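A.B. asks: Build me a structure from this.
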Amino acid sequence: MIRTKDSKQLLFRIAGLSGLILLFTGFIISAGPLTVGEEQETCSECHDDVPLQAPHSLIGENSCTVCHGDAEKHLEEPDKGTIFSFGESAIPAEKSKACLTCHTKNSARFMAGPHGKASLDCLSCHIVHSEKSYPNSLKMTSHKSCAICHEDIYAQFNLNERHRLQEGVMSCSTCHDPHEPGMKERLGGFKHESCFRCHADKGGPFLYEHEASRIEGCTVCHEVHGSPNKHMLIYQSVSDLCFSCHTVAPSWHARFDSLTTNCTVCHSTIHGSNLDKEFLK
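C.D. replies: Coordinates of the predicted model:
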């Protein structure tokens, strides 16, 4: 039989060992990764003035470290240098890389596009931490975000003949994709298909096509953003526009002048025709 004194010592040892096991187990559990809610709560203890704007706040698996990286060192030394910051001192490509980790659809294309090549990053147009933002997390309405850099283009939308941008009928992204590389600066050649999404009647196919529209695109005759001329033409006179390409015309056209003659009185189907190669009908 075990003596009473020995029994008490054995019980104390077992109890002590059990306590160590419980303490160690509790340490392991508490040292595990924080949940998204716990992580955001931890960050908000210092950054309570930084709201997380939708749609990022609506993503269940989203957390501060998804964008800003591991915060372990930052919690020990609360300084901008111990965590990835999206401030002005950060390299633009690195900022975009953090965004494109999730937004993979535009990952490869953005850096090859004009905005990526110009060292712009996603935060040049978009905002994440704000109590108010516009659709797609833009800093402003779509066309005003573009107007920050493209002031000369935005001014053309104040002319009398223009696309209805300011009325909200369309936006810059209706024709331009800001995340993809542009093959040409202007919507020429086959890129005039962007115009045909709205102006389908001008796209054909036609038996007799106007070569200019197929080779050079709609912009050979039209200013795509706005113009002081009727139908957004690049010339005020329709005849001057036609004669800029058709320098050789039948001799009897010589009696016509740009002030009294409109070529489209006769050549009425200038975008293309299925009946007449001269676009007379």
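
A.B. asks: tell me the strands in the protein, going along the chain?
C.D. replies: All strands of the chain, identified by DSSP state E, fall at 161-162, 208-209, 226-227, 272-273.

A.B. asks: wait, residue 165 sits on residue 172?
C.D. replies: Yes - Residue 165 is within contact range of residue 172, at 7.4 Å (criterion: C-beta atoms under 8 Å). Where C-beta positions appear, they are placed from N, C-alpha and C, glycine not excepted.

A.B. asks: can you list residues touching both of these two?
C.D. replies: The overlap between the contact sets of residue 165 and residue 172 (C-beta atoms under 8 Å, 6 or more residues apart in numbering) consists of residue 143.

A.B. asks: Walk me through the regions of this structure where pLDDT falls short of the threshold, as ranges.
C.D. replies: By pLDDT under 70, the weakly predicted segments of the chain are 1-38, 51-62, 106-108, 130-133, 182-191, 254, 257-260.

A.B. asks: go with 90
C.D. replies: 1-149, 165-205, 209-220, 224, 236-268, 278, 280-281 (pLDDT under 90).

A.B. asks: ok, the nearest residue to residue 112 once chain neighbours are set aside - how many residues close by?
C.D. replies: Excluding its sequence neighbours, the residue lying closest to residue 112 (C-beta to C-beta, 6 or more residues apart in numbering) is residue 181, at 4.6 Å. By the criterion of other C-beta atoms under 10 Å, residue 181 has 15 neighbours.

A.B. asks: on that earlier part again, could you redo the strands of the chain as TSV and give each row mean neighbour count and distance to residue 253?
C.D. replies: As requested, the strands of the chain are exported to TSV (neighbours: other C-beta atoms under 10 Å; distance: least, C-beta to C-beta, whole Å):
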stretch	mean neighbour count	distance to residue 253
strand 161-162	16	27
strand 208-209	16	20
strand 226-227	19	26
strand 272-273	20	19
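
A.B. asks: Now distance to residue 192 too, for these, in a markdown table please.
C.D. replies: Shown next, in a markdown table, are the strands of the chain (distance: least, C-beta to C-beta, whole Å):
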| stretch | distance to residue 192 |
| --- | --- |
| strand 161-162 | 18 |
| strand 208-209 | 12 |
| strand 226-227 | 17 |
| strand 272-273 | 13 |
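
A.B. asks: nearest to residue 94, of these?
C.D. replies: Among the strands of the chain, strand 226-227 comes nearest to residue 94, with 37.6 Å by C-beta to C-beta.

A.B. asks: need the contact list for residue 234.
C.D. replies: By C-beta under 8 Å, 6+ apart, the residues touching residue 234 are 221, 222, 223, 227, 241.

A.B. asks: whoops, I mixed them up, residue 113
C.D. replies: Residues counted as contacts of residue 113 (C-beta under 8 Å, 6+ apart) are 178, 179, 180, 181, 182.

A.B. asks: Which members of those residues are classed as buried?
C.D. replies: Listed as buried from the contacts of residue 113 are 178, 179; burial here means 16 or more other C-beta atoms under 10 Å.
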